[in-house]
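J.: this one's structure only:
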Ligand SMILES: Nc1ncnc2c1ncn2[C@@H]1O[C@H](COP(=O)(O)OP(=O)(O)O)[C@@H](O)[C@H]1O
Ligand SMILES: Cc1cn([C@H]2C[C@H](O)[C@@H](COP(=O)(O)OP(=O)(O)O)O2)c(=O)[nH]c1=O
């Protein structure tokens, strides 16, 4: 099973992902950008305010292709639960936002289209929801994507992705304390993993809010 964590910079993904290591010691933990030279190239581009947005897109996508073939597909083939801090939706949300003023007419569909032929979509995604102001303040606004106006566009792209596939996403309120967010993410992750492996009770109430939906 492939479970991903998504959200704006500063939403607390990495904090939650690290906490999940203790709760799920047998899972394969991974992230994008990766720690390979492809990931280094991505981080160089993140530090370049003038980088071309299409060049950014293809660097991130190259890193994803390598991540898929080297880590994600082999772990899934071994039957592992794979938990990734950021994955395809980050490209759909961020690169579609950075391509908004480019010659590409429907950037979100374009970025999805590039992935369609080769990617492995997540089985479930936990979205840590926080407003762009809080996100930018927590992230420290150190790179070009951590500005409030840009994060607002990223957030609306995430909203579109969630509206299009509500059954794949579980939203978690990430404006709460770190402890509350971690508890909730651990609980939701447990339910999603159980549901994936066929536990009927978990399927019936996968977001654990008691409403049976
Ligand atoms: N729920 C929270 N409330 C307040 N601060 C948080 C919370 N979660 C994380 N932080 C802090 O915000 C910063 C970014 O958290 P991080 O987990 O790295 O987010 P992300 O991986 O989504 O960018 C860190 O300094 C972290 O300690
Ligand atoms: C994986 C990925 C990340 N990003 C951006 C989001 C972040 O601003 C930056 C670095 O990601 P990350 O290291 O996950 O940062 P953070 O922990 O602050 O969320 O790269 C993209 O624009 N596209 C992508 O495909």
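T.: Arrived safely. Just so it is clear, the structure is predicted and the values come from calculations on it, not from any experiment. Ligands and ions are numbered 1, 2, ... in the order given.

J.: State the phi and psi torsions of the nearest residue to residue 45 once chain neighbours are set aside.
T.: Distances taken as C-beta to C-beta, 6 or more residues apart in numbering put residue 51 closest to residue 45, at 4.6 Å, once the chain neighbours are dropped. For the C-beta atoms, the positions are set from N, CA and C on the backbone; glycine is no exception. Backbone torsions for residue 51, taken as degrees, to the nearest 10, come to phi -60, psi 140.

J.: now check stretch 140-147, is it near ligand 2?
T.: Yes. Residues of stretch 140-147 contacting ligand 2 under C-beta under 6 Å from any ligand atom: 143, 145.

J.: ugh, typo on my part, it should be stretch 61-81
T.: No. Judged by C-beta under 6 Å from any ligand atom, stretch 61-81 makes no contact with ligand 2; its nearest approach is 6.8 Å.

J.: Figure out the length between the terminal residues of stretch 93-108.
T.: Length of stretch 93-108, first residue to last, C-alpha to C-alpha, to the nearest Å: 7 Å.

J.: So which residues make contact with it?
T.: 6, 53-54, 56-57, 60, 92, 110-111, 145, 150, 153-155, 157-158, 160-161 (C-beta atoms under 8 Å, 6 or more residues apart in numbering).

J.: Can you say which of these are buried?
T.: Buried members of these, counted by 16 or more other C-beta atoms under 10 Å: 6, 53, 56-57, 60, 92, 110-111, 145, 150, 153-155, 157-158, 161.

J.: and the residue nearest to residue 45, how many neighbours does it have?
T.: 15 (other C-beta atoms under 10 Å).

J.: State the distance from it to ligand 1.
T.: To ligand 1, residue 51 is 20 Å away according to C-beta to the nearest ligand atom, to the nearest Å.

J.: again, but for residue 164
T.: For residue 164, the distance to ligand 1 (C-beta to the nearest ligand atom) stands at 22 Å.

J.: State the pLDDT value of that residue.
T.: On the pLDDT scale, residue 164 is placed at 97.

J.: Let me know how buried it is, in neighbour terms.
T.: Residues lying near residue 164 (other C-beta under 10 Å) number 12.

J.: Same question for residue 100.
T.: Count around residue 100 with other C-beta under 10 Å applied: 14.

J.: what do you get for residue 2?
T.: For residue 2, the count of nearby residues is 23 (other C-beta under 10 Å).

J.: Also residue 176?
T.: When neighbours are counted by other C-beta under 10 Å, residue 176 registers 14.

J.: Wasn't it part of a strand?
T.: No. Checked against DSSP: H, G, I helix; E, B strand; the rest coil, residue 176 lies outside a strand; its state is coil.
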